[in-house]
Structure formats: structure tokens, C-alpha cells
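Participant: Below is the structure, and that's it, no one-letter string:
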């Protein structure tokens, strides 16, 4: 099996400077470790807990900055869409289109994304069983696109909590598509801060290790130079200066379970 | 407290004939029982489990038929929207706009719906705690619309199952808005039939009784003359010819708990 | 169907005075309302969260006080056992033997209880599905005792929380045995106070109404003259002076759903 | 950190021959891999789903066979108790006493086990939060015994299913006691076969890898030469002839995360 690839970046395109800084730093780290890297950031956080939360720079400015990441750093980029009408426009820049978990059952969004012909990364909804992602996958295949990655990001577990059911990864691998594990959003405490979603950053590294030990194709992790001042998802993001140490351990586990160790 | 009102109809606008038949029959039943009645049917089922499932007649034909219900039967109507751009158009016909559970965190959809000035019925997502609906409510109020009903329709409970946490109704009542209980979708087994959502129609009446006994403002129930041949949600819908008996019992319980019994 | 019966009392046999006071007061209330009443109190709380919590007067003193309730107030009594060796001794006094939820899978305890020939009230474990109580029931029947009541008291729902799945009552009714709903323990927040179990007394009345509206044979409710000073389960118990009002409403709902209204 | 130790054996002491066979085979495998090994088997399965299921040879014959394992194979042994009165007797043979998950809140059982002075392995109940195991631990410490291992074995997740919340391991490590992961019972489908508990053996290896990657002190795994003919827990047990391959991978992951790799 191939070594895992990394989808990483700050949650939101807070500024051009932040994006270029994070992207170039991760590029350096992953090049050394020979980990394929796709840069991720969102231009719009369309489902924040509160209407007063920061949403992002919008689609035009967001895509401009993502294009700059591609041009200047020669990195593939991924970003998420929320409405069918955004698919074609985003596909002009993004190498991979991401479908948010809450929206993974919206048929028109899936069709529009699939019809761009771009690879998709579809997050499994918090309310869905792993085996039910097969129907989501089929909606894309029936729309002519089988380049679909499925992404585990935690399942509803009582109120204001998620749990990662690791065998869900095994179940989704049976569909024959690449499986991604989102270690950042899996540690959310939805609504856990009253008017914002909380989280437990300390768990990210451990869950990433567990998922890599089970055998995943890709790892999704949000990083930020200063998570506590991030404009969204701060409680779950990993500090940029800790990324390298985490990846070194993950790479060794990945090599072990995939028989790539030398 | 006022007696409960009923939001009912077939899940989907399968045909003009079906809609007029169901609407007029329920009107007759509820008039006799003095239960205020809002007719409900969807013009598009935008998140079916499978891409091959029936979706509905579409927005134009759907609104035409709903307008006919209003004109010929003098009934208020409610229908659901899935994209912000549908809000204004639907508001020209619908007396109440409904927000689907999966979409209740999508800020732009809520704002667009709220800005129509129409009353809203927002379903609580399967992945949300009752107290977290306050943020959803605030998004509408901050958009200038406080005519918001919140609707319980079950919470994720393990895989392929929902549970109704009855105290969630009590928690949501604390926001001071009308609370609706959706007895039909609360008995879904999401994904439980492989490529379709299953359900347990037998539970509908019991859950409705339980919710009315706790004290709700409105009851949502999908009915169909022949549920087993319905084009969507058949496993959960109540046969039209059983509706009257169910409502008679519910009305007595409602009068008892609200002190309206004579 | 018969009207519901009530199993009630303070959680623990805190003192002879408390027991006689509570038992006689409830007797008076239930006589007026024609609700059959079984007095309940525990002689030992064998699974308290903390080792430092109050456990009770022990089996000998506990049974002496329960005998006094029988002798002086002419009431049937129910109490719970935790070890097989307690069954025969308790059966000399108790009219019904109760099996705690955590222990409802312990085969020897069930057999010992069943072999006393006394009616049993078996609480459904927080970790069990309603349909799996059939195996628990069979263990008793195969031990020669089919006088078995099954009792719903909430199911694990994430951490430190329970949920009452009302359709579970419908499922258990299918076994043909009397079904009891425990409105007190269903509102527990297990471990929710750190070194004690919390709860939400405000929900008790509402859940009781919901269960009665569905149709139960018996209602279990712990009451105390001053719940906030109770030595166990204080957060969940109903104040004794509110019991009558609650029962009046429940009785009307029960008559309605069982067709006993006049 | 020390390398992980292994607690393994067949679920039940089916026969002396089986026990000696399994114990000696695992001893050989673990010696080669330098994995400390404690032999586990139960003399009584006291909470089987059905009363007609096999329970075991009983305490006297069971302890005789476990003593033989100690004498002839020079292995430490662990077995579980269900009643306080069994503690002292079992302590004469067992090197470690195990408390079953369903019983981990039973105060008298914990005290009796703690007072033997033997190390304990306490399974976290399916209905408990990881942080609530601190109260269980305290019951032992207050009884004079702080040699307590805590064991994760899955948490209730809807009906007839368990989920392993991997961060629960991190939470329990904070108590400063050794943490064991039970990979066998974590894959149970409680009650999933109607009158027996089902399971998914295929997941055992993956969950073991995930837990080792997070960092555990001990791994609990039931093995059997022919799981499909085992008298209990067959669906979850690992075939004996697959054990070595599994342990080789786990050992490498363990060395990686504990910095013991050379």
C-alpha cells in the first residue's frame, strides 16, 4: 500500500499571509518526510454555531489565495463547497473538492461536485453509519465520477460529543475508495462552548496514531501557528510547531502496518 | 395554553389528486375536532438515501398545487426549502417555511428563510442537543424574524436508529417559542433498509401521545391513503383512515395536560 | 386494561420514622385516587458512586421496618436484592422482589429471586435493548416463575446521561408481562456530579406523563418529604407534597388511553 | 515506558487440555517476542445472555486447572469473580483478580477483591464514562489496595452495539494506574444474535493496533484454537494460529510510540 498523504492547513483562509506561511511550512516538513501533501483551507464557514462568528473571505478572495498557493508553492489544494452553484467555479482552482459532513446527503450538491470531474473528499456525516456512505458514493459514481475519497470525522455520541468508531474505517475501506481520517474535527465537542463548538486538541495526535495504525490512505489535520487566536476551530487545531514530531511517529506506524518499513 | 395544532399531509406532493384528497380529508377531520390544521407536503426531497429515489414534482409544479390547496380548501400550507434561493419564491405561496433537520445549521439558508418574514418551522438536527437550538433561533431573530417554531424529530442513537429524548421538548420550550413534535420522522431507521430509510409506523401514535402528554404546541404527522405505496417515507406514514381515532385520543390528553378539559 | 399501579417510597430506608411517614401519606393519596400502591424502599444501596456514600440500614433492620409497613399500614412492599443469598430472607417479608438494573444479567441472582416464588420487578439495564429483556425473562420462567414485571429506567446515551426510548415500552409489552416505568432513575445523570450521580427532578413528572400516555401497567417513582436532604437519589426524587397533583393528571391520561374514562 | 504486557487465553476454562494447550502455545510465542504474559480464563460465565448457555467448570475445578498452569508452565494467571465470597478463595491461586464490567460498581465485590491484597484488573462498565472510573479506583484504594489496572472494553452505542472511544484510554491514564485494552469484548454486539452475544472478530486486530498506537500498558485478547467451536465468546476470539503475526505488528507499534525502538 502507498504511504498516507496529508490534507492540512488552517481551518479558514484568515489572510493571505497566514495561508502562505502555513502552506510553505507544511510543505517543507512533508517534503523531508516524503509525505504527499494537499493544502486545505475554507473560504466560507457556512454552518458556524453562531451567526456572529467569522465566516471567511468569501469565494472570490478565497480562490485567489488558493491559486497563489498553487502558483507559488506548487501544491495541490482542496476546499469545501456548500451550494451546488459553487462547484464549477471552485473546480477552476481546487484540485480536490470537499463536501462538508452536514451536507453529504444533499443530492444536488453531490451531483454538481461530481460533474466537475474533480476528485472529491466527502466527509461522513455525524449522523450516518459507515456502511451508509455507499449510497453517497453511488450518487457520485452515477454522476460519472468515481474519484471519491470518504472521510471519517466522528459520529454523534450523546449530546455535545462525538466518538470515532475506528471499525468504521474498516467498513468504509470495503468500498474500494481511499479513506481519509479527519483527526481535527473528530475531537470536536459540538456546541460544547454554548455559542461555539469546543474541542480537545490533546486528543488529535492520539486519534491520528490510532487511525494510521488501522490503515488509512489519507490524514486530515488542521494546523495553525497560534490555534488559540484562530478565527475558527481553534480548540481542535494542532500548533504548527508540533506538526513535524507528530508526523514522524505517524510515518513509522504507517510504514509498519503497510509493510513499507525497511 | 392553546390546544395543539396539526401539521400534516403526505410526505411528498406525489400528484395534485393525492394532495387535494388528503388535504380535504384531514380538513374535515380536524374541523370536527377543532384542531387548527396546516397542510404540509414537499415539492422536492433533496436528500434521499439513494440517487434513484423519487424526489417530487419540483418547485414550480409543487407551488402550483399548494396554491390550489389554499384557494380551494382555504387551508394554510407549509413546505420545506433546501437552498437560499428558494426562500423568496416559496414565501409567495407558503404560510410557513420549513427548514430540514440536516440543514438547520446552514446560516445562509436560515437568513434567507427568516428574511421572507414568514413564520418558520425549523427541525432540530439529529446531531444537535436541544439547548443548542438556541443558536439556530438567534440566527433567525438576528435576521429580523422571531416567528420561529422549533421541531423535535429524533436524535442519532447508535447507527441506523433515532431516539426521541422527551425532555428535549421541555428544554426547547424554555426558549419561549412554539415547539412542534414530528411523530413521523422520529420513528425513522435511517439507512435501515440498505438503499432507503426504514421506519416503524406502529410507534407513531405512541410517540405522539407521549409528546402531547408532555405538552407541545404543534404536532407534525405525515399521512397517506396507502402508505405502503407512497413514493417516500412510506414506512413511517400513518394511514389516512386511522388519523381520526389517533387525534381523538391526543385531543383528550392535550386538554388534560393544558387544563382545557371541561 | 387495568388502571396503573404505583410503586413508590423514598429511595432508601433512612429511618423508621421517615418510612412510616412517607408510606402512610402515599397510602392516603392513592386510596383517594383508587391507585393500587406498593411501598418501595431499599435496605442497602450496594452500587453507590462513591465508597463514602450512605448505604442504608442493612438487611435485618431494613426488613424489620418493611414488616412494620405491612403490619401497621396493610401495604404490600417491594425491595431490591444484590446477592443470591439475600433472596430467601427478603422473600419472607417482601411481596415483590426487585432486581437492580446493573445486575439484571447475573444469572444466579435471577434464579435465586425466581425460586422464591415471589413476583419480581426486573429493571432493564442501561446497556440493554428492550428486546433483549426476553432472555432475562426466560431465565426466570425456566426457574419456575413467570410472575415477572419488566421495568424501563433509561438507556445509556453518551457519557453521564440516560435517555428514555419510549418505544422500548411498546417492545417490552410484546412479551405479555406487566411493564413498569421508573420515572425517577430515568432522569439520572450518572456520575454527573463527580463523586455522585446527578439528576433532573423537573423531568420526572413529564416522563411519567409520557409513559402513562403510551400505556404502562405500573409507575415507579421515588418521593421524599425533603429531597434535597435525602441520603441518596435526592436530585431525582419528587417532593412528597407534589405527588397528589402529579397523580391526578396521570390518572386522567391513563383512563383516556385505556378507555376507562367515564 | 515499559513494553505492553499481554493478558490472554480462551474465554472459558472449557477443559484442562484446552487450557494447557493454549497457555503453552501463547507462552512460546510471547517468550520469543519478549512480551510479558498473564494467562486468563474464567471458571464461571455468570452473566450469559441465555440461561441455557455453557457457564464453565465451576470455582473448584477451575482453580485446580489454573494452579496447574502456574505449576507446570510457570505463568501468572488472572481470573474473574462475581460474588464477594469468591475473592479470598480465588486469591489463593490467581495472581491478578478481574472484576467484570457489569459489576464494577458493586461496592462489596470491589472491597472483597481489594482486601485480598492481589492486583486487580477492573473492567470499565459499558455504561460508564472513563473519568467516572476514578470513583471505582478510590473504592479499592480506600480498601487498602492501589494495585489496580483499569480496562477499556467498549461503551454502549445505541442498541446491540459497542463503540471504543479511544480518548477514554487517555483519560484513564491520567489516574496514574496501568491501563489495559480488551480487544476481544470491545467488538461484541451485545445480544446481537438473539439469544447470544455476537461479535466481529475481524475488528480485533485493528482495534488492538489502534489502542497500542495510543499507548497502553496491557492488552487483553481472548484466543482459541478453533473459535467457531468455542463454548463462549466464539465470535470475538482470535484463532490461536494468528496470534503471533498480530503480536509482531503490535510490538513494533508499541516500540515506536514508547520510544523503545532501536
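Facilitator: That came through fine. Model, not experiment: these values are computed from the prediction.

Participant: Quick check: residues of the stretch 151-262 of chain A near chain B?
Facilitator: Applying C-beta under 8 Å from any C-beta of the partner chain, we find that the stretch 151-262 of chain A lies next to chain B at A:155-156, A:159-160, A:190-191, A:195. No exception for glycine: its C-beta is placed from N, CA and C like everyone else's.

Participant: quick check, nearest of those residues to residue D:225?
Facilitator: Lowest distance from residue D:225 to those (C-beta to C-beta) belongs to residue A:155, with 35.8 Å.

Participant: show me what contacts that closest one?
Facilitator: Counting by C-beta atoms under 8 Å, 6 or more residues apart in numbering or on different chains, residue A:155 makes contact with A:124, A:126-128, A:162-165, A:168, B:156, B:159, D:163.

Participant: Now do the helices in the stretch 101-250 of chain A.
Facilitator: For the stretch 101-250 of chain A, the helices defined by DSSP state H, counting those that start in this stretch cover A:107-115, A:133-141, A:167-173, A:202-214, A:243-257.

Participant: before we move on, back to that, distance to chain C, pLDDT and neighbour count added to the contacts of residue A:155, as JSON lines?
Facilitator: Formatted as JSON lines, those follow (distance: C-beta to the nearest C-beta, whole Å; pLDDT from 0 to 100; neighbours: other C-beta atoms under 10 Å in any protein chain shown):
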{"residue": "A:124", "distance to chain C": "19", "pLDDT": "98", "neighbour count": "24"}
{"residue": "A:126", "distance to chain C": "13", "pLDDT": "98", "neighbour count": "24"}
{"residue": "A:127", "distance to chain C": "14", "pLDDT": "97", "neighbour count": "25"}
{"residue": "A:128", "distance to chain C": "17", "pLDDT": "97", "neighbour count": "26"}
{"residue": "A:162", "distance to chain C": "10", "pLDDT": "97", "neighbour count": "22"}
{"residue": "A:163", "distance to chain C": "8", "pLDDT": "98", "neighbour count": "23"}
{"residue": "A:164", "distance to chain C": "14", "pLDDT": "98", "neighbour count": "26"}
{"residue": "A:165", "distance to chain C": "13", "pLDDT": "98", "neighbour count": "24"}
{"residue": "A:168", "distance to chain C": "17", "pLDDT": "97", "neighbour count": "25"}
{"residue": "B:156", "distance to chain C": "10", "pLDDT": "98", "neighbour count": "24"}
{"residue": "B:159", "distance to chain C": "13", "pLDDT": "97", "neighbour count": "23"}
{"residue": "D:163", "distance to chain C": "10", "pLDDT": "98", "neighbour count": "23"}
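
Participant: Spell out which parts of the stretch 151-262 of chain A neighbour chain D.
Facilitator: A:155, A:157, A:163-167, A:169-170, A:187, A:200, A:202-203, A:206-207, A:209-215, A:249, A:252-253, A:256-257, A:261.

Participant: pLDDT on the longest strand seen in chain A, on average?
Facilitator: Counting residues, the longest strand found in chain A (DSSP state E) is strand A:218-224. Averaging pLDDT along strand A:218-224 gives 97.

Participant: what's the distance between it and the middle of its chain?
Facilitator: 6 Å (C-alpha atoms, centre = their mean, to the nearest Å).

Participant: Now tell me what touches that strand from outside.
Facilitator: Contacts for strand A:218-224 (C-beta under 8 Å, 6+ apart): A:4-11, A:22, A:26, A:40, A:121, A:149, A:151, A:153, A:178-185, A:204, A:208, A:211-212, A:230, A:233-234, A:236-240, A:243, A:250.

Participant: Mind giving me the ChimeraX select for those, buried ones only?
Facilitator: With 16 or more other C-beta atoms under 10 Å in any protein chain shown as the criterion, this ChimeraX line picks the buried residues out of the contacts of strand A:218-224:
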select /A:4,5,6,7,8,9,10,11,22,26,40,121,149,151,153,178,179,180,181,182,183,184,185,204,208,211,212,230,233,234,236,237,238,240,243,250
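
Participant: and the residue in the stretch 1-150 of chain A positioned nearest to chain D, how many neighbours?
Facilitator: In the stretch 1-150 of chain A, the residue that lies nearest chain D is residue A:129 (9.8 Å; C-beta to the nearest C-beta). The local packing of residue A:129 (other C-beta atoms under 10 Å in any protein chain shown) involves 22 other residues.

Participant: May I ask you to confirm that it is in contact with residue B:191?
Facilitator: Yes: with contact defined as C-beta atoms under 8 Å, residue A:129 counts as touching residue B:191 (5.8 Å).

Participant: any idea of the pLDDT on the residue of chain A found nearest chain C?
Facilitator: The minimum distance from chain A to chain C, using C-beta to the nearest C-beta, falls at residue A:158 (1.3 Å). Note on residue A:158: pLDDT of 97.

Participant: Now do the same contact list for the residue nearest to it when sequence neighbours are not counted.
Facilitator: The shortest distance from residue A:158 to any non-neighbouring residue, by C-beta to C-beta, 6 or more residues apart in numbering or on different chains, is to residue C:158 (1.3 Å). Going by C-beta under 8 Å, 6+ apart, residue C:158 touches A:157-159, A:161.

Participant: cool, and residue A:254?
Facilitator: Per C-beta under 8 Å, 6+ apart, neighbours of residue A:254: A:3-4, A:212, A:260.

Participant: One more pass at 7 Å, please.
Facilitator: Counting by C-beta atoms under 7 Å, 6 or more residues apart in numbering or on different chains, residue A:254 makes contact with A:3-4, A:212.

Participant: Residue A:248: neighbouring residues, count only.
Facilitator: 13.

Participant: So what does residue A:12 have for phi and psi?
Facilitator: phi -120, psi 150 (degrees, to the nearest 10).

Participant: actually residue A:237, not the one I wrote
Facilitator: phi -80, psi 150.

Participant: How many neighbouring residues does residue A:144 have?
Facilitator: Neighbour tally, residue A:144, other C-beta under 10 Å: 10.

Participant: give the contact list for it.
Facilitator: Here residue A:144 is in contact with A:114-115 (criterion: C-beta under 7 Å, 6+ apart).

Participant: repeat that for 10 Å
Facilitator: Residue A:144 sits next to A:111, A:114-115, A:117 when contact means C-beta atoms under 10 Å, 6 or more residues apart in numbering or on different chains.

Participant: swap in residue A:78?
Facilitator: A:7-9, A:38-42, A:66, A:90, A:94-98, A:118-121, A:149, A:220.

Participant: Not counting sequence-adjacent ones, nearest residue to residue A:25?
Facilitator: residue A:240 (5.9 Å).

Participant: Confirm for me that that neighbour is in contact with residue A:29.
Facilitator: Yes: here residue A:240 reaches residue A:29: they are 9.0 Å apart, a contact under C-beta atoms under 10 Å.

Participant: is it fair to say residue A:259 lies in a helix?
Facilitator: No: assessed with DSSP: H, G, I helix; E, B strand; the rest coil, residue A:259 is coil; it does not lie in a helix.
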